[in-house]
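**Q** Quick check, what structure comes out for this input:
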Amino acid sequence: MLRSNGMRNSCIIFLILKTARASFYITGNTLVERNFLENYLLPDKFDRLPERMLPMCYPSDPTVNYMNFQSPYGVFIPNWTLWFIIQLEEYLTRSADHEMVQRLKSKVLCILEYMKEFENEDGLLEKLEGWVFIEWSKANDYSLDVNYPSNMLYAGALAAAGRIYDSKELLEESESIKAKILEQSFDGRFFRDNAMRENGTLTITHNRSEVCQYYAFFLILLHLRHIRSYGLP
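**A** Have a look, this model is predicted:
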């Protein structure tokens, strides 16, 4: 059951982005994606989720606690909402629908406010609530405590929000997180997946997954202006 649920939710995240892109190329419009995004504007709040959190797919996503989390909430993937922000920037590029993007601004800022509560002394997300899901591979075993792929996604979401809402503050925060990830995660050859909190001290592990390198490339390195200053080729 755990495996099937994990595959189900990873497929949801993947298919939402792929369906939005494919729908545009097939139909020449963004009506399907607009309907998907507009669903999140309908309720004032989502039952059995933390304040400011979004479900993985609304209204089809169940908020039941089928994984026996010791939590007052149902199952949710906190880092999924960061993909939501990245998709919103893609949607704006495809549709030029500034009106929808503005209507979703409060949702986006609430997501970022929620995430900020989990920033540690380095400005990185640590010990997120819920199910920190990366993909169905060994990478999922490395999701505690500071998960670098999730923080790469956080930096990407901050940058996306900064661009679509013209926020210099969000863009600067994104750059600060990228710099801290490069300082901690990159070992000279590969990006390590996580760091663990031991007796109050953050200890970087030697865990290195394939997907972590993909996250680093697409969310960090592609957008880094001065890549050589970090000792990277």
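**Q** what's the helix or strand hosting Gly162 packed up against?
**A** Taking DSSP states H and E as the criterion, Gly162 maps to helix 148-164. If you count contacts as 3 or more CB pairs under 8 Å, 6 or more residues apart in numbering; DSSP states H and E, helix 148-164 packs onto helix 80-95, helix 105-116, helix 168-185, helix 210-219. For every residue, glycine as well, the C-beta is placed using N, CA and C.
**Q** List the buried residues of it.
**A** Across helix 148-164, burial judged by 16 or more other CB atoms under 10 Å covers 148-162, 164.
**Q** how far is it from where the chain is centred?
**A** Its chain's average C-alpha position is 7 Å from that of helix 148-164, according to CA atoms, centre = their mean, to the nearest Å.
**Q** for stretch 37-45, same thing?
**A** 19 Å.
**Q** Endpoint to endpoint, that stretch covers what distance?
**A** End-to-end distance for stretch 37-45: 15 Å, by CA to CA, to the nearest Å.
**Q** residues making contact with that stretch?
**A** Glu51, Leu54, Tyr58, Pro59, Phe84, Leu88, Tyr91, Met100, Arg103, Leu104, Lys107 (CB atoms under 8 Å, 6 or more residues apart in numbering).
**Q** Does the second one touch Thr81 like I think?
**A** Yes: Leu54 sits in contact with Thr81 when judged by CB atoms under 8 Å, with a separation of 5.0 Å.
**Q** quick one: which of these two has more around it?
**A** Just comparing Leu54 and Thr81: by other CB atoms under 10 Å the higher neighbour count belongs to Thr81, 24 against 21.
**Q** Return the distance of the residue minimising distance to the centre of the chain relative to Ile134.
**A** By CA atoms, centre = their mean, the chain has its centre lying nearest to Leu82, at 3.0 Å. For Leu82, the distance to Ile134 equals 12 Å [CB to CB, to the nearest Å].
**Q** what's the overlap in contacts for those two?
**A** Ser150.
**Q** Once you drop chain neighbours, what's closest to the residue nearest to the centre of the chain?
**A** Leaving aside its sequence neighbours, Leu82 sits nearest to Ala157 (CB to CB, 6 or more residues apart in numbering; 4.0 Å).
**Q** separation between that neighbour and Gly28?
**A** From Ala157 to Gly28 the distance is 28 Å (CB to CB).
**Q** same thing with Asn79?
**A** Shown here: Asn79 relative to Gly28, a distance of 32 Å by CB to CB.
**Q** Arg48 now?
**A** Going from Arg48 to Gly28 by CB to CB gives 38 Å.
**Q** got it, and Ala179?
**A** Ala179 is 41 Å from Gly28, by CB to CB.
**Q** neighbour-wise, which of the two wins?
**A** Between Ala179 and Gly28, Ala179 has the larger neighbour count (other CB under 10 Å), namely 16 against 8.
**Q** Distance check, the more buried one against Pro78.
**A** For Ala179, the distance to Pro78 - CB to CB - is 23 Å.
**Q** Ala155 and Arg192: what is the separation?
**A** 16 Å.
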